[in-house]
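Trainee: need a structure here:
(chains A and B)
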Amino acid sequence: MNYLTIIFTAMLSANFVLVKFLGICPFLGVSKSTKSAFGMGVAVTFVMTITCLITYPIYTYILVPLGVEYLEIIVFIFVIASLVQIIEIIIKKISKPLYNAMGVYLPLITTNCAVLGVAEICIAGDIVFDLLGAVTYGLFGGLGFTLAMILMSGMREKLDTLSLPKPIEGFPVSMLLACFMAMAFNVFVGISF
Amino acid sequence: MKNNPKDLALDGLIRQNPTFKLVLGTCPTLALTTAAINGVGMGLAVTFVLMCSNMIISLLRNVIPSKVRIPAYILIIATFVTIVRMFLNKFAPSIATAMGPYLPLIVVNCIILGRAEAFASKNPVVDSILDGLFMGLGFMIALTLMGVFREVLGAGTVFGVKLWNFKIEFFTHASGALFTYALFIALFVYFYGLYSKKSKRKALLADKKEVKA
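Mentor: Have a look, this model is predicted:
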């Protein structure tokens, strides 16, 4: 599989949020304003890229030769947890408003399915076959996540002005919006290079 | 703090249902409900991990320093997920394949960490195990219902048994998953509203009777 296909698959035709359903919690939780959606997207993209850069070699060159593949879940989650800690410290130093905007969701990147998911998909061996491919997949998967977050937040901002029936307020209506977005992303399925 | 089993059961299954009320663990809910059997499998796996992790965390609740509690919880959860994965790979490889990356992702399922933080870290062992059991069952029932709904409409089968030729493939797609989830939450909120109004009215009536007496 060539890199162009990896890029296209990761970002659009197998979009992390809308097709693979990874990272739905921040997608519904932090998408109330475009600014925080963008901040969250950038943070997740960053963590996803570096996670792939680290976990892929660990799995391929350490766990497999030693025959301890079953430790993969524990090792991956620890790499991710420490990465998130480091990034949290950096963001706190660089931009206070961005740090405030992401609030409680920054530590939650550890438990963001998209991050552990990307590590698992990279080693599953049906899309990614080398380190560069893994990093590409992580980077563009993250960009796809950011794209979905920003699109969603744009619509959510309009949603506040509507009056809705009580049962579909909140989560259900956001999910209906996501449903229409998923339909739109369906047009990318089946394109390959 | 005393919790009676009936309250724990009602909380897990209805009042604090992790899927419909708290909207936690959405990723596997959306991804794995294309077939009812996957919903059951995921539900069972999560119930097992939740019960075991709640038990261990409750036992260690006075030992784990609060500063490092999240990494400690994640390590405990990851251990049990690894056990589940080994078990499924050995005894039910077809279910393990169907779950794909969502099986290891049980580690980051918000329900498990959420219950560890909100319940098991503050309550005695037996209560925590029961809480894990009922929360897990609430999750499993929700996933199974959604799985049956999507399988019947999307593929015309239920648990792999063919019902008819009629099918709407929309429900097997990603957009169908989101639509189904939205529909189920809306229905849950509607009926839960009716139910809580009724029980409130009952409580009020009982109060009035007591006052009169």
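
Trainee: Contacts for the helix-or-strand element of chain A with minimal mean pLDDT, please.
Mentor: Scoring the helices and strands of chain A by mean pLDDT, DSSP states H and E places helix A:96-102 at the bottom, with a mean of 71. For helix A:96-102, contacts defined as C-beta atoms under 8 Å, 6 or more residues apart in numbering or on different chains pick out A:Val30, A:Ser33, A:Lys35, A:Ser36, A:Gly39, A:Met40, A:Ala43, A:Ile91, A:Lys92, A:Leu106. C-beta: built from backbone N, CA, C; applies to glycine.

Trainee: Going by distance to A:Asn2, which of the residues you listed wins?
Mentor: A:Ala43 (28.9 Å; C-beta to C-beta).

Trainee: sec struct for that closest one, please.
Mentor: helix (DSSP: H, G, I helix; E, B strand; the rest coil).

Trainee: wouldn't it be in contact with A:Ile94 here?
Mentor: No: the criterion here is C-beta atoms under 8 Å, and A:Ala43 misses it with A:Ile94 at 11.5 Å.

Trainee: More neighbours: which of these two?
Mentor: A:Ala43 (24 against 9; other C-beta atoms under 10 Å in any protein chain shown).

Trainee: thinking again about what came up before, okay, buried residues for the helix or strand just after the least confident helix or strand of chain A please.
Mentor: Downstream of helix A:96-102, the first helix or strand assigned by DSSP states H and E is helix A:113-124. Buried residues in helix A:113-124, counted by 16 or more other C-beta atoms under 10 Å in any protein chain shown: A:Cys113, A:Ala114, A:Val115, A:Leu116, A:Gly117, A:Val118, A:Ala119, A:Glu120, A:Ile121, A:Cys122, A:Ile123.

Trainee: what packs against helix A:113-124?
Mentor: With contacts defined as 3 or more C-beta pairs under 8 Å, 6 or more residues apart in numbering or on different chains; DSSP states H and E, helix A:113-124 has these neighbours: helix A:34-57, helix A:72-94, helix A:131-159.

Trainee: would a markdown table of the ones you listed with distance to chain B be doable?
Mentor: Below are those laid out as a markdown table (distance: least, C-beta to the nearest C-beta, whole Å):
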| stretch | distance to chain B |
| --- | --- |
| helix A:34-57 | 12 |
| helix A:72-94 | 4 |
| helix A:131-159 | 12 |
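
Trainee: residues contacting the closest residue to A:Phe46 other than its chain neighbours?
Mentor: Distance criterion C-beta to C-beta, 6 or more residues apart in numbering or on different chains; nearest residue to A:Phe46, sequence neighbours excluded, is A:Ile87 at 6.4 Å. For A:Ile87, the contacting residues are A:Ala43, A:Phe46, A:Val47, A:Leu106, A:Ile109, by C-beta under 8 Å, 6+ apart.

Trainee: Likewise for A:Thr34?
Mentor: Contacts of A:Thr34 (C-beta under 8 Å, 6+ apart): A:Ile150, A:Ser153, A:Gly154, A:Glu157.

Trainee: from memory the second one sits against A:Phe27, does it?
Mentor: In other words, A:Ser153. No: contact between A:Ser153 and A:Phe27 fails when scored by C-beta under 8 Å: they sit 9.6 Å apart.

Trainee: Save the helices and strands packed on helix A:113-124 as TSV, and put in mean pLDDT too.
Mentor: Output for these, formatted as TSV (pLDDT from 0 to 100):
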stretch	mean pLDDT
helix A:34-57	86
helix A:72-94	84
helix A:131-159	88
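
Trainee: Output those helices in JSON lines, with distance to A:Asn15 appended to each entry.
Mentor: Formatted as JSON lines, the helices and strands packed on helix A:113-124 follow (distance: least, C-beta to C-beta, whole Å):
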{"stretch": "helix A:34-57", "distance to A:Asn15": "13"}
{"stretch": "helix A:72-94", "distance to A:Asn15": "21"}
{"stretch": "helix A:131-159", "distance to A:Asn15": "5"}
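
Trainee: Nearest to B:Ile56 among the ones you listed would be which one?
Mentor: Closest among the helices and strands packed on helix A:113-124, using C-beta to C-beta: helix A:72-94, at 14.7 Å.

Trainee: and the angle from the closest one to helix A:34-57?
Mentor: Helix A:72-94 runs at 140 degrees relative to helix A:34-57, counting by axes from the mean of the first three to the mean of the last three C-alpha atoms, to 10 degrees.

Trainee: Off-centre distance for helix A:72-94?
Mentor: 15 Å (C-alpha atoms, centre = their mean, to the nearest Å).

Trainee: Also stretch A:150-159?
Mentor: On C-alpha atoms, centre = their mean, the centre of stretch A:150-159 falls 18 Å from the chain's centre.

Trainee: returning to that earlier point: can you lay out the contacts of A:Ile87 as CSV showing distance to A:Ser163?
Mentor: Below are these laid out as CSV (distance: C-beta to C-beta, whole Å):
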residue, distance to A:Ser163
A:Ala43, 34
A:Phe46, 38
A:Val47, 38
A:Leu106, 33
A:Ile109, 34
